[in-house]
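Q: Sequence and predicted structure, then a few things I'm wondering about:
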Amino acid sequence: MAGESVLRPIFQRLATSRRMARLAQTRGLSRAARRFVIAEELDGAVRGAAELNAQGIGVTLDNLAESVTSVEAARASAAEYRRILQSLEEARLPDTNVSIKLTGFGIDASESDCYALVEDVVRQAAAGGRLVWIDMEASPYVDRTLGLYRRLREAGLENVGVVLQAYLYRTPDDLAALASYRPAVRIVKGAYSEPPSLAMQDREAIRQAFRRLTLASLANGNFTAIATHDDGLIRPLRQALRERAIDRSRYEWQMLYGIRPELPRQLVAQGEHARLYVPFGRAWFPYFMRRLAERPADIWLLLGRGEGL
């Protein structure tokens, strides 16, 4: 839609504005963001994860920390993730893991310190039998993210997954280069504003790339998280998985908290495994803006409900 094409870049720019993030905290926007962000505090996030696990829905918790540019702030972020993992153990949640962003672990301050902090968190998660997903960020971070992932695997850590974005032209080569690691891979469309020289802009082209990447990942023997709410992907991929007789233990469906909440329940009722990516924390504004950039129509829904916008 024409309106969406106008709104999308606006929301993408707002996602990077610290001034707007500070302003949003004072204007009641957090009520609207609660559609996509389960809680601002850890206790609320753990309670929400427990409720979802009780329904047979897996959870990946993401602490919405801002990008940091100092080692001290990165250490504080890592300490918070260690606290999250401890809380999950205390709550005895059977199907909850965590997702991290390297910008929150200080990759822009010190790559060596970032690696050490991530390794500590991954090792703690391994002790509890939990997976740590490393989210993929904008294109300048792709090589550094994949490099850090390889270091973790070469250190003998297997409870770590990596995210690949279908809209980047480079992604098929990245997937092929990871083949020897048999990685846990989450396939997403991509949510960052990237130039046409680096990323597909056409919606159907991105869908086709997503389908190819998903099937290529499974063909390589990777555990594959299929992260989409798009029926135009879910229906044909489910058919392809049946035709290829791919066991359900080798993949799961992943969705964002707050978008099509009925969908994971439907998939679970049909014998599939579904997992929700559940963000929490006070630094919710950039995440909220990226979600609106993906789904600009949601702005009218929130306005119609009078939810603080």
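A: Sure, I can see it.
Q: what ranges do the helices span in the stretch 1-150 of the chain?
A: For the stretch 1-150 of the chain, the helices defined by DSSP state H, counting those that start in this stretch cover 2-14, 18-26, 30-33, 42-54, 71-91, 111-127, 142-154.
Q: Next, format the ones you listed as CSV and append distance to Leu276, mean pLDDT and mean neighbour count.
A: C-beta here means a position set from N, CA and C on the backbone, and glycine is covered the same way. CSV is the format used below for those (distance: least, Cβ to Cβ, whole Å; pLDDT from 0 to 100; neighbours: other Cβ atoms under 10 Å):
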stretch, distance to Leu276, mean pLDDT, mean neighbour count
helix 2-14, 22, 50, 14
helix 18-26, 24, 50, 13
helix 30-33, 16, 58, 19
helix 42-54, 6, 97, 17
helix 71-91, 15, 97, 17
helix 111-127, 18, 98, 18
helix 142-154, 23, 98, 17
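Q: Nearest to Ile259 among those helices would be which one?
A: Closest to Ile259 of these is helix 30-33 (Cβ to Cβ; 13.1 Å).
Q: Quick one, which of the helices of the stretch 1-150 of the chain gets closest to Pro261.
A: With distances scored as Cβ to Cβ, the stretch of those nearest to Pro261 is helix 42-54 (10.2 Å).
Q: With just CA atoms, put the closest one into CSV.
A: Output of helix 42-54 as CSV, limited to C-alpha atoms (Å, rounded to 0.1, in the frame of the first residue of the first chain):
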residue,chain,number,x,y,z
LEU,A,42,12.2,-9.2,34.6
ASP,A,43,9.6,-10.6,37.0
GLY,A,44,6.8,-9.8,34.6
ALA,A,45,8.6,-11.3,31.7
VAL,A,46,9.2,-14.6,33.6
ARG,A,47,5.6,-14.8,34.7
GLY,A,48,4.5,-14.2,31.1
ALA,A,49,7.0,-16.9,29.9
ALA,A,50,5.6,-19.4,32.4
GLU,A,51,2.0,-18.8,31.2
LEU,A,52,3.1,-19.4,27.6
ASN,A,53,5.1,-22.5,28.4
ALA,A,54,2.0,-23.8,30.2
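Q: So what's the gap between it and the chain middle?
A: Here the centre of helix 42-54 is set off from its chain's centre by 17 Å, with Cα atoms, centre = their mean, to the nearest Å.
Q: thinking again about what came up before, switch the helices of the stretch 1-150 of the chain over to JSON lines, and while doing so, append distance to Ile226 to every line.
A: JSON lines is the format used below for those (distance: least, Cβ to Cβ, whole Å):
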{"stretch": "helix 2-14", "distance to Ile226": "23"}
{"stretch": "helix 18-26", "distance to Ile226": "31"}
{"stretch": "helix 30-33", "distance to Ile226": "26"}
{"stretch": "helix 42-54", "distance to Ile226": "18"}
{"stretch": "helix 71-91", "distance to Ile226": "24"}
{"stretch": "helix 111-127", "distance to Ile226": "22"}
{"stretch": "helix 142-154", "distance to Ile226": "19"}
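Q: who wins for proximity to Ala191 among these?
A: Closest approach to Ala191 among the helices of the stretch 1-150 of the chain (Cβ to Cβ): helix 2-14, 8.5 Å.
Q: Out of the helices of the stretch 1-150 of the chain, flag the one nearest Leu198.
A: Closest among the helices of the stretch 1-150 of the chain, using Cβ to Cβ: helix 142-154, at 9.5 Å.
Q: Dump that closest one to PDB, restricted to CA.
A: What follows is helix 142-154, C-alpha atoms only, in PDB (Å, rounded to 0.1, in the frame of the first residue of the first chain):
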ATOM      1  CA  VAL A 142      26.800  -9.200   9.700                       C
ATOM      2  CA  ASP A 143      30.400 -10.200   9.300                       C
ATOM      3  CA  ARG A 144      31.300  -9.400  12.900                       C
ATOM      4  CA  THR A 145      28.200 -11.400  14.100                       C
ATOM      5  CA  LEU A 146      29.000 -14.400  12.000                       C
ATOM      6  CA  GLY A 147      32.700 -14.200  13.100                       C
ATOM      7  CA  LEU A 148      31.800 -14.200  16.800                       C
ATOM      8  CA  TYR A 149      29.400 -17.100  16.200                       C
ATOM      9  CA  ARG A 150      32.200 -19.100  14.600                       C
ATOM     10  CA  ARG A 151      34.500 -18.400  17.500                       C
ATOM     11  CA  LEU A 152      31.900 -19.700  20.000                       C
ATOM     12  CA  ARG A 153      31.300 -22.900  18.000                       C
ATOM     13  CA  GLU A 154      35.100 -23.500  17.700                       C
END
